[in-house]
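Asks: when you get a sec, could you give me coordinates for this:
(chains A and B)
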Amino acid sequence: MALLDLANPTRFMTLADRVLPWLWSAAILVLGVGLYLGLFVAPPDYQQGETVRIMFIHVPAAWLSMFGYGLMAVSALGTLVWRHPLADVAARAIAPIGAAFTLIALITGSLWGKPMWGTWWEWDARLTSVLVLFLMYLGLIALWNAIEDPNRAGRVAAVLILVGSVNLPIIKFSVEWWNTLHQGASVFRMGGSTIDASLLYPLLISALGATLLFLALVMMAMKNEILRRRIRALRLVAASVPAGVSA
Amino acid sequence: MSGFGEHAGYIIGAYGLAALIVFGVVAWVLVDGRAQRRRLKELEARGIRRRSAARRGETP
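Replies: Numbering: from 1, shown residues only, chains lettered A, B, ... in the order given. Below is the predicted model of the structure:
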């Protein structure tokens, strides 16, 4: 019942207005605590020294870059299979925010790589597949903007999103399938995390805060997209009414 | 900030650029929302309503 309620954009707008102040407050609080712990409380890594502090923004951003695309893939199914009225709205709202978090992951990874690997960039599987993810986000944004009819644009984009989702397991397993400079999974892995608790908890708190921030931004962008479609509908109504006749 | 050792520039640069991108996205979402609400009000002020709203007899 709740999901069906959300299928109505007007109800979604009402719900978002109620949820957003709490979501923003929680995001700022949790992210603030996580980054404070990561920057000033967590000890330096025994191998990487102080540069490990970049992990507290790089890893959450990298997770969210994939989480965002995963949400878009679910939304694409919603568009193509169930024709959920909010599915394409959600996918379109997520794209620029996912792109921004992917850019953060790429930039902070580069700034972490230079002192640790001795290079800003390496065309290895992990880095290249994340760059492809960033380009996919940009391509989808361009596609949505290139097709005027939002319903048609949504269906075309949904197909491309699902095709592009093959990149997600490639990103995830690239460090196992190929030789890369990038380290393997060290948090979510069989046998438990290999990160010491003094670094792991600030990382998980930062990741939770960044996720709340991501969701708050997506919810706001979804509201904007719903308004954009209402405006388009009103302009079509205005254009279809002969001059001098009230709509 | 010298507490971050010899690699302080990389750490500060990473946090600074990440903050810049996040604030940029927040600003874009806020400005976009304001622009959409303004456009919607302008259309409604001209008496243009969605067909569904008109059927329900809602005022603009």
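
Asks: quick one: neighbours of A:R189, just the number.
Replies: 10 (other C-beta atoms under 10 Å in any protein chain shown). (C-beta placed from N, C-alpha, C; glycine too.)

Asks: how far away is A:V166 from chain B?
Replies: Here A:V166 is placed at a distance of 27 Å from chain B (C-beta to the nearest C-beta, to the nearest Å).

Asks: quick check: phi and psi on that residue?
Replies: phi -60, psi -20 (degrees, to the nearest 10).

Asks: quick check: it vs A:A99, distance?
Replies: 19 Å (C-beta to C-beta, to the nearest Å).

Asks: likewise B:G9?
Replies: 26 Å.

Asks: looking at those two, which is more packed in?
Replies: A:A99 (23 against 13).

Asks: residues contacting that one?
Replies: A:134, A:137-138, A:141 (C-beta atoms under 8 Å, 6 or more residues apart in numbering or on different chains).

Asks: which of the residues you listed are close to chain B?
Replies: Applying C-beta under 8 Å from any C-beta of the partner chain to the contacts of A:A99, one finds that nothing falls near chain B.

Asks: would you turn those into a markdown table with pLDDT?
Replies: Putting the contacts of A:A99 into a markdown table (pLDDT from 0 to 100) gives the following:
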| residue | pLDDT |
| --- | --- |
| A:F134 | 97 |
| A:Y137 | 97 |
| A:L138 | 97 |
| A:I141 | 96 |
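
Asks: show me these that map onto helices.
Replies: A:134, A:137-138, A:141 (DSSP state H).

Asks: which among the residues you listed count as buried?
Replies: A:134, A:137, A:141 (16 or more other C-beta atoms under 10 Å in any protein chain shown).

Asks: quick check: closest non-adjacent residue to the first one.
Replies: Okay, so that is A:F134. Distances taken as C-beta to C-beta, 6 or more residues apart in numbering or on different chains place A:T102 nearest to A:F134, at 4.4 Å, with adjacent residues excluded.

Asks: and the end-to-end length of stretch A:110-123?
Replies: End-to-end distance for stretch A:110-123: 12 Å, by C-alpha to C-alpha, to the nearest Å.

Asks: that one: which residues count as buried?
Replies: For stretch A:110-123, by 16+ other C-beta under 10 Å, it's A:110-116, A:122.

Asks: between the buried ones among the ones in helices among the contacts of A:A99, which is nearest A:R92?
Replies: Within those, the smallest distance to A:R92 is 8.3 Å, found for A:I141 (C-beta to C-beta).

Asks: what sits against that closest one?
Replies: A:95-96, A:99.

Asks: any idea how far it is from A:I231?
Replies: A:I141 is 19 Å from A:I231, by C-beta to C-beta.
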